[in-house]
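> Quick one, what's the 3D model for this:
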Amino acid sequence: MRVSPDRIIDIAVGIRPFRAQGPRIEAERRFGKTLVHHYGHGGSGWSLSWGSAQRALALVQAAAKPGERIAVIGCGAIGLTTARTAQQAGFKVRLYAKDRPPRVHSSAATGLWTPDSRIVASEHAGEAWTAGWEAMARASFKVHQGYLGLPSGPVEWHDGYVVSNEGFDTALPGHVGEPDYPDLHPRIADLRPLGKALEAGEHPFRAGQARRFTQLVFNIPAYQRLLLDDFARDGGELVQREFRQPRDFARLPERLVVNCTGDGARALLGDTGMTPVRGQTARLIPQPEVDYALIYRGQNVVALPRRDGLLIAAMGEHDFGSDDLRPDRAQSEDAVRRLATLF
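All right, here's what the predicted structure looks like:
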């Protein structure tokens with residue numbers, strides 16, 4: 001990898017919609033309409049999107065007539081995949097959104113398959129909840145496999161390496177204000193190849209220890225573009241509209257509305273159970289020859305080989321609870337410099 005601050009071509013900031021109880025997927029009657037709420041996926045939006053959309057679809061099918069036109073609000077990962085899932089089930093869909101890609105929070109996501117990232121607090125992860133999460137993760141994983149091998153490469157498998165100077169058994173400190181999260185990975189460990197610990201001579205990195213893993217990566221711009229094109233091809237309509245209060249739902253002509261507003265639900269619905277989690281990514285000049293991911297454990301750096309650039313992500317100390325969308329170039333430059341010490 002060629003990593004240096006002068007190769008940064010873009011810095012993006014998005015807000016992860018963390019909900020301690022896990023995603024809200026439920027229906028209610030309001031304003032003479034059926035509202036299906038579908039938001040609060042933390043850092044797992046792209047990863048869980050299809051399986052979560054299938055659960056929301058079951059609520060839609062219970063309340064809407066076959067082939068009826070429904071409304072989906074929000075054009076992020078959850079909104080787009082919910083709209084496509086409804087179309088594939090035979091519904092006509094009108095998608096309402098204040099912004100569309102790339103001006104949505106999901107555009108700033110890292111793009112790594114992480115269905116357990118800030119998805120629920122440990123205290124709310126009982127057996128029933130965990131079984132439901134596993135079903136969503138497996139269903140979503142299956143749909144993602146259908147996007148492999150396409151010309152634009154929306155979904156690809158890549159090898160990657162986790163490297164560490166302190167060792168892998170050392171506990172890492174959490175970020176300020178974050179809750180404890182459950183270890184959900186064992187429930188879906190069979191979905192990807194087993195990792196392997198590497199000896200010093202088996203990797204080129206300047207770190208004491210390294211492990212190899214294999215993981216799904218989403219090339220987010222290509223994925224978004226494909227979903228939007230498929231949505232339009234199947235007769236979907238995209239309407240630009242901002243929703244400021246719940247009563248705005250009443251003004252829509254559709255009888256059934258799916259609310260996929262992500263972090264926007266905090267203000268729109270007054271959902272006090274939502275916590276914003278700021279996320280910043282930097283893109284470096286694309287390096288097509290780099291086909292591996294890199295996680296620098298203990299140094300808070302993740303690098304992904306996406307087609308639109310080498311993506312560098314690093315969590316800020318006070319990002320949990322922050323909805324500050326201003327890019328912090330110093331934060332990204334520091335992450336790039338830490339990564340550069342491995343080469």
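> From here on, just use CA atoms for contacts and neighbour counts.
OK.
> mind saving the C-alpha coords of the host helix or strand of I295 as PDB?
Take DSSP states H and E as the rule and I295 turns out to sit in strand 292-297. Provided in PDB are the C-alpha atoms of strand 292-297 (Å, rounded to 0.1, in the frame of the first residue of the first chain):
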ATOM      1  CA  TYR A 292      -6.300  -7.000   0.600                       C
ATOM      2  CA  ALA A 293      -7.800  -5.300   3.700                       C
ATOM      3  CA  LEU A 294      -5.700  -4.300   6.700                       C
ATOM      4  CA  ILE A 295      -6.800  -3.800  10.300                       C
ATOM      5  CA  TYR A 296      -4.200  -2.400  12.700                       C
ATOM      6  CA  ARG A 297      -5.400  -3.600  16.100                       C
END
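> ok, and what's touching that strand?
158-165, 301-305, 339 (CA atoms under 8 Å, 6 or more residues apart in numbering).
> From those residues, list just the buried residues.
For the contacts of strand 292-297, a neighbour count by 16 or more other CA atoms under 10 Å gives the buried set as 158-164, 301-305, 339.
> What about those, which are in strands?
Of the buried ones among the contacts of strand 292-297, the ones assigned to strands by DSSP state E are 158-164, 301-305.
> Make JSON lines from these and add pLDDT and distance to D324 to it.
What follows is those, written out as JSON lines (pLDDT from 0 to 100; distance: CA to CA, whole Å):
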{"residue": "H158", "pLDDT": "97", "distance to D324": "32"}
{"residue": "D159", "pLDDT": "97", "distance to D324": "33"}
{"residue": "G160", "pLDDT": "97", "distance to D324": "31"}
{"residue": "Y161", "pLDDT": "97", "distance to D324": "31"}
{"residue": "V162", "pLDDT": "96", "distance to D324": "29"}
{"residue": "V163", "pLDDT": "96", "distance to D324": "30"}
{"residue": "S164", "pLDDT": "94", "distance to D324": "30"}
{"residue": "V301", "pLDDT": "96", "distance to D324": "20"}
{"residue": "V302", "pLDDT": "97", "distance to D324": "21"}
{"residue": "A303", "pLDDT": "98", "distance to D324": "23"}
{"residue": "L304", "pLDDT": "98", "distance to D324": "24"}
{"residue": "P305", "pLDDT": "97", "distance to D324": "27"}
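> Which one of these is nearest to I73?
L304 (30.1 Å; CA to CA).
> For the closest one, give the beta-bridge partners.
L311 (DSSP bridges).
> what's the answer for F18, then?
According to DSSP bridges, the residues that bridge with F18 are T275.
> again, but for Y96
Note on Y96: beta-bridge partners I73, V239, judged by DSSP bridges.
> what's the burial count for it?
By the criterion of other CA atoms under 10 Å, Y96 has 24 neighbours.
> residue contacts, it?
Y96 neighbours (CA under 8 Å, 6+ apart): 71-75, 238-241.
> Any of these buried? List them.
Listed as buried from these are 71-75, 238; burial here means 16+ other CA under 10 Å.
> ok, of those, which one's closest to S106?
C75 (8.8 Å).
> which element is that closest one on?
Using DSSP H and E, no helix or strand contains C75.
> what's the answer for the one 4 residues further on, then?
Assessed by DSSP H and E, G79 sits inside helix 77-88.
> who's in contact with that helix?
Contact partners of helix 77-88, identified using CA under 8 Å, 6+ apart, comprise 38-39, 45-46, 49-50, 53-54, 56-57, 72-74, 92-93, 95, 106, 224, 227-228, 230-231, 234, 260-262.
> now stretch 146-159
Under CA under 8 Å, 6+ apart, the answer for stretch 146-159 is 144-145, 212-223, 226, 291-293.
> Filter those down to the ones in strands?
212-218, 292-293.
> Tell me the most packed of the residues you listed, by neighbour count.
Using other CA under 10 Å as the neighbour criterion, F218 leads these with 26 neighbours.
> for that one, what are its contacts?
111-113, 154-156, 306.
> most surrounded residue in these?
The residue in the contacts of F218 with the most neighbours, by other CA under 10 Å, is R306 (30 neighbours).
> What does the pLDDT read for G174?
G174 is assigned a predicted lDDT (pLDDT) of 69.
> ok, of the ones in strands among the buried ones among the contacts of strand 292-297, which one's closest to D334?
V301 (9.6 Å).
> What does the pLDDT read for the nearest residue to the closest one once chain neighbours are set aside?
By the measure of CA to CA, 6 or more residues apart in numbering, the closest residue to V301 outside its immediate chain neighbours is A314, 5.0 Å from it. pLDDT, A314: 90.
> Could you count how many residues lie near S49?
S49, neighbours per other CA under 10 Å, totals 27.
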